[in-house]
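I'd like to go over a predicted model; first the sequence, then the structure.
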Amino acid sequence: MLAVSDRGTSPAQLEAHNAPYHIGAVSLRVRDLAGLTAFYRDAIGLKILSQGPGKAVLGIDGEPLVVLEAGAQPPSSKAGLFHVAILLPSRGDLANWLAHAAKGGVRLEGASDHLVSEAIYLSDPEGNGIEVYRDRSRPEWPRRDGAIAMATERLDLDALISEAKGGPYLGMPSGTRMGHIHLRVGDTAQAEAFYRDALGFDLMVHYPGASFLASGGYHHHIGANVWQSRGAPVRKDGEAGLAAFELVARDDEAFAAMRGRFLAVGGSDDGDTAIAADPWNNRLVLRR
């Protein structure tokens, strides 16, 4: 399912990874493996780490970020992936990526200033959502009544792209990692019951129709919304889109604690990893 070898070290400067748990590789089940592999390499800027029959692994610094698996079946549920969120180390890196996307004619779908971050949105050729973003530093995050304040404001793309360096784009830079994952679910209260009450994530922000949860005070590692999926049924195995996403524990103590929570919700483990599924069969793989 997910590659677990040849991994780099999580860069300490990324706010998303300065937590007991963070998001690792995201596995997508696709129809056109060759086409999607080329898209994540050329348009997104990831490097191909390995390829084999029915599978391609792409990432940065030897760290898998996106795993593509062939053999997708038509979806039966609107639950699943809303977007993967690739976190760049700096605003300059986001500007460079935007310039690359503009030059290559990559179709963008939105751009937002979320107060805690700046984000650009698009989809891959099979409709899997992608966010490319950079975080502001934690001291810059605004607070409201003691909680992190987030919003969706217009991002000035002209001002951003003016910070891009010239020259050919060589791909996403060293230090790029998966920042968070945003899911489509059938009910936000049920999602909170699973990710907060059962798995122990903190509820950070409520939006209309969406909940944002995190570990270690980050603004969010997991988003869950019903904007297009309210009342969605359980996803079937093998459906196109999200196959699984990794939850990476910082140390053995964190791994053991989350492993117990996985088992309590009906998950399984083999000693090195544990697997669980949320109420819509969005699958999580826990690793150290």
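Alright, I've got the coordinates.

What's the per-residue pLDDT of residue 21 here?
Per-residue confidence at residue 21 stands at 98 (pLDDT).

do the same with the one 5 residues further on
Residue 26 carries a pLDDT score of 98 in this model.

And residue 147, by the same measure?
Taking residue 147 on its own, its pLDDT is 89.

mind listing what it touches?
If a contact means C-beta atoms under 8 Å, 6 or more residues apart in numbering, then residue 147 has 204-205 as its contacts. Bear in mind the C-beta positions are built from the backbone N, C-alpha and C, glycine included.

same thing but at 6 Å, please
Contact analysis of residue 147 by C-beta atoms under 6 Å, 6 or more residues apart in numbering lists nothing.

For it, which residues count as its bridge partners?
For residue 147, the beta-bridge partners are residue 144 (DSSP bridges).

quick one: it and residue 20, what's the gap?
Relative to residue 20, residue 147 is positioned 20 Å away (C-beta to C-beta, to the nearest Å).

same check, this time on residue 283
Between residue 283 and residue 20 the computed distance is 21 Å (C-beta to C-beta).

okay, these two: which has more neighbours?
Taking residue 283 and residue 20 together and counting by other C-beta atoms under 10 Å, residue 283 has the greater number of neighbours (19 against 16).

Count the neighbours of the closest residue to that one other than its chain neighbours for me.
If the residues on either side of it in the chain are set aside, residue 283 comes closest to residue 244, at 4.0 Å by C-beta to C-beta, 6 or more residues apart in numbering. By other C-beta under 10 Å, the residues close to residue 244 number 20.

Let me know whether residue 244 touches residue 27 as I believe.
Yes: proximity of residue 244 to residue 27 meets the contact threshold set by C-beta atoms under 6 Å, at 4.7 Å.

Please, where are all the strands along the stretch 51-200 of the chain?
Secondary structure of the stretch 51-200 of the chain (DSSP state E, counting those that start in this stretch): strands at 55-60, 63-70, 80-88, 110-113, 117-123, 129-135, 143-144, 147-148, 153-154, 177-184.

wait, what's in contact with residue 163?
Applying C-beta under 6 Å, 6+ apart to residue 163 gives the contacts 92, 95.

what do you get if the cut-off is 10 Å, keeping everything else the same?
For residue 163, the contacting residues are 90-96, 98-99, taking C-beta atoms under 10 Å, 6 or more residues apart in numbering as the criterion.

Now, of those residues, which are buried?
Buried members of these, scored by 16 or more other C-beta atoms under 10 Å, are 93-96, 98-99.

where's the residue nearest to residue 283, which helix or strand?
strand 241-249 (DSSP states H and E).

just to revisit the earlier point, I'd like the buried ones among the contacts of residue 163 as JSON lines, with pLDDT and distance to residue 131 appended.
What follows is those, written out as JSON lines (pLDDT from 0 to 100; distance: C-beta to C-beta, whole Å):
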{"residue": "93", "pLDDT": "97", "distance to residue 131": "14"}
{"residue": "94", "pLDDT": "98", "distance to residue 131": "11"}
{"residue": "95", "pLDDT": "98", "distance to residue 131": "16"}
{"residue": "96", "pLDDT": "98", "distance to residue 131": "17"}
{"residue": "98", "pLDDT": "98", "distance to residue 131": "13"}
{"residue": "99", "pLDDT": "97", "distance to residue 131": "18"}
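
got TSV for these, with distance to residue 78 too?
Shown next, in TSV, are the buried ones among the contacts of residue 163 (distance: C-beta to C-beta, whole Å):
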residue	distance to residue 78
93	33
94	30
95	34
96	35
98	30
99	34
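
I'd like to know how many residues surround residue 101.
As a burial measure, residue 101 scores 20 neighbours (other C-beta under 10 Å).

swap in residue 82?
As a measure of burial, residue 82 has 23 neighbours, counting by other C-beta under 10 Å.

and if you look at residue 157?
Look at residue 157: counted by other C-beta under 10 Å, it has 14 neighbours.

in terms of contact, does it touch residue 111 like I think?
Yes: between residue 157 and residue 111 a contact is recorded at 5.5 Å, counting by C-beta atoms under 10 Å.

Helices of the protein, start to end?
Under the criterion DSSP state H, the chain contains helices at 33-39, 91-104, 157-161, 188-192, 252-264.

So which residues make contact with the fourth one?
Counting by C-beta under 10 Å, 6+ apart, helix 188-192 makes contact with 79, 183, 185, 198, 201, 203, 206-211, 213, 222-226, 230, 278-280, 282, all of which sit outside it.

Which members of those residues are classed as buried?
With neighbours counted using 16+ other C-beta under 10 Å, the contacts of helix 188-192 contain these buried positions: 79, 183, 185, 201, 210-211, 213, 222-226, 278-280, 282.
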